[in-house]
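Trainee: Here's a sequence, model it:
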Amino acid sequence: MKKHANKFLFLTVLSLIYAFSTVNVTTPPIEDNTGYKVGDIATDFSLKNIDDKMVSLADYDEAKGFIVIFTCNHCPYSIAYEDRIIALDKKYADKGYPVIAINPNDPAVQKQDSFDLMKVRAKEKGFTFPYLFDEGQKIHPQYGATRTPHVFLLQKETEGLRVKYIGAIDDSSRNPSAVKTKYVENAVDALLANKTIEQNQTKAIGCSIKTVK
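Mentor: A predicted model of the protein is given here:
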C-alpha cells in the first residue's frame with residue numbers, strides 16, 4: 001500500500017512540475033516588425049498639404065534629407081512637442097533637413113484630426129513646415145509609424161532616401177525643460193558633420209495611431 005502511495009505522490013509532483021514549466025516558458029508575443037528599418041530606402045509619397053496642394057519629397061531639390069514626423073492635432077504628446085517640432089524646422093530647414101509633418105490618424109475615429117482642423121491648428125501654432133494628411137492611411141503603415149509623434153530621419157543618397165534614424169524626438173515626451181538627450185538633433189548634427197549616428201533608433205512615446213479596425 002505504501003509503495004503505491006509513493007508512486008502516486010511521485011506522479012503528482014511530476015505532473016505539477018510539468019504544468020508550471022509550461023506556464024513559465026510561454027513564448028512572448030512577437031512584435032510587429034513591419035515598416036522601414038534603419039538603413040532601408042524609403043519611397044516618396046504625394047500627400048495633401050494644409051494649403052490644399054500636393055507635396056512630395058521630390059519637390060525639395062535642394063534638400064539633403066528630411067525630418068519626417070508623424071504627428072496630429074489631438075494627442076497630448078504631439079501637442080507637447082509642437083514647439084520643439086517648429087524649433088527643429090527653424091534650426092535645420094536652411095541646413096538641408098526640413099521637417100515634413102504627416103497626420104496619420106483617421107478622422108472617422110478621431111474627429112479632432114480632420115483635415116479642416118489640421119488647417120486651424122497649423123495656423124494657431126504658426127507651422128513653418130508642411131502638415132500633410134495621410135488620407136486612406138497608406139503611408140504610415142509603409143513607414144512603420146505606430147505613435148504620434150514618430151520620427152523618421154531620411155538622407156538623400158545615390159540609391160534614394162536612406163532611413164538614418166527612427167524613434168522619438170528627445171528623451172522627455174511631456175516636459176521640454178527635462179530634456180537631457182536630443183535624439184533627432186544629435187542625429188542630424190552627425191549627418192551634417194559626416195559622422196556616424198551614435199543612437200540611430202529609440203522608442204517612440206506617444207498616442208497610438210487611430211484607425212478603423
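Trainee: CA atoms for contacts and neighbours, from now on please.
Mentor: OK.
Trainee: Against L117, how distant is the most centrally placed residue in the chain?
Mentor: Geometric centre of the chain, nearest residue: H150, 2.4 Å, by CA atoms, centre = their mean. Relative to L117, H150 is positioned 20 Å away (criterion: CA to CA, to the nearest Å).
Trainee: Contacts only, for the residue nearest to the centre of the chain.
Mentor: I69, F70, T71, I166, G167, A168, I169, A204, I205, G206 (CA atoms under 8 Å, 6 or more residues apart in numbering).
Trainee: Let's see if you can find the most crowded of those.
Mentor: T71 (30 neighbours; other CA atoms under 10 Å).
Trainee: As a check, name the ranges of all strands in the protein.
Mentor: 41-42, 46-49, 54-56, 65-70, 99-103, 131-133, 147-148, 150-157, 160-167, 207-208 (DSSP state E).
Trainee: now those strands in JSON lines, with mean pLDDT and distance to T34?
Mentor: As requested, those are exported to JSON lines (pLDDT from 0 to 100; distance: least, CA to CA, whole Å):
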{"stretch": "strand 41-42", "mean pLDDT": "98", "distance to T34": "13"}
{"stretch": "strand 46-49", "mean pLDDT": "98", "distance to T34": "21"}
{"stretch": "strand 54-56", "mean pLDDT": "98", "distance to T34": "23"}
{"stretch": "strand 65-70", "mean pLDDT": "98", "distance to T34": "16"}
{"stretch": "strand 99-103", "mean pLDDT": "98", "distance to T34": "19"}
{"stretch": "strand 131-133", "mean pLDDT": "98", "distance to T34": "21"}
{"stretch": "strand 147-148", "mean pLDDT": "98", "distance to T34": "14"}
{"stretch": "strand 150-157", "mean pLDDT": "98", "distance to T34": "14"}
{"stretch": "strand 160-167", "mean pLDDT": "98", "distance to T34": "13"}
{"stretch": "strand 207-208", "mean pLDDT": "97", "distance to T34": "16"}
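Trainee: In the protein, what helix or strand scores lowest on average pLDDT?
Mentor: Within the chain, no helix or strand scores below helix 2-24, which has a mean of 43 by mean pLDDT, DSSP states H and E.
Trainee: distance of the residue lying closest to S46 once chain neighbours are set aside from T43?
Mentor: Leaving aside its chain neighbours, S46 sits nearest to S56 (4.6 Å; criterion: CA to CA, 6 or more residues apart in numbering). Separation of S56 from T43 (CA to CA) stands at 10 Å.
Trainee: go on, I169?
Mentor: 22 Å.
Trainee: ditto for S208
Mentor: 23 Å.
Trainee: Likewise for D51?
Mentor: 23 Å.
Trainee: Next: P130.
Mentor: 18 Å.
Trainee: quick one, which of those two is more surrounded?
Mentor: P130 (19 against 12).
Trainee: Would you mind giving me the confidence score for the more buried one?
Mentor: With respect to pLDDT, P130 scores 98.
Trainee: ditto for R174
Mentor: 88.
Trainee: ok, now the one 10 residues further on?
Mentor: Predicted confidence (pLDDT) for V184: 98.
Trainee: show me the contacts for it.
Mentor: Counting by CA under 8 Å, 6+ apart, V184 has contacts L153, Y165, A168, I169, D170.
Trainee: ok, now V163?
Mentor: Y36, K37, V38, G39, D40, I41, A42, F152, L153, L154, Q155.
Trainee: redo that, cut-off 10 Å
Mentor: Counting by CA atoms under 10 Å, 6 or more residues apart in numbering, V163 makes contact with 36-42, 65-66, 143, 152-156, 200.
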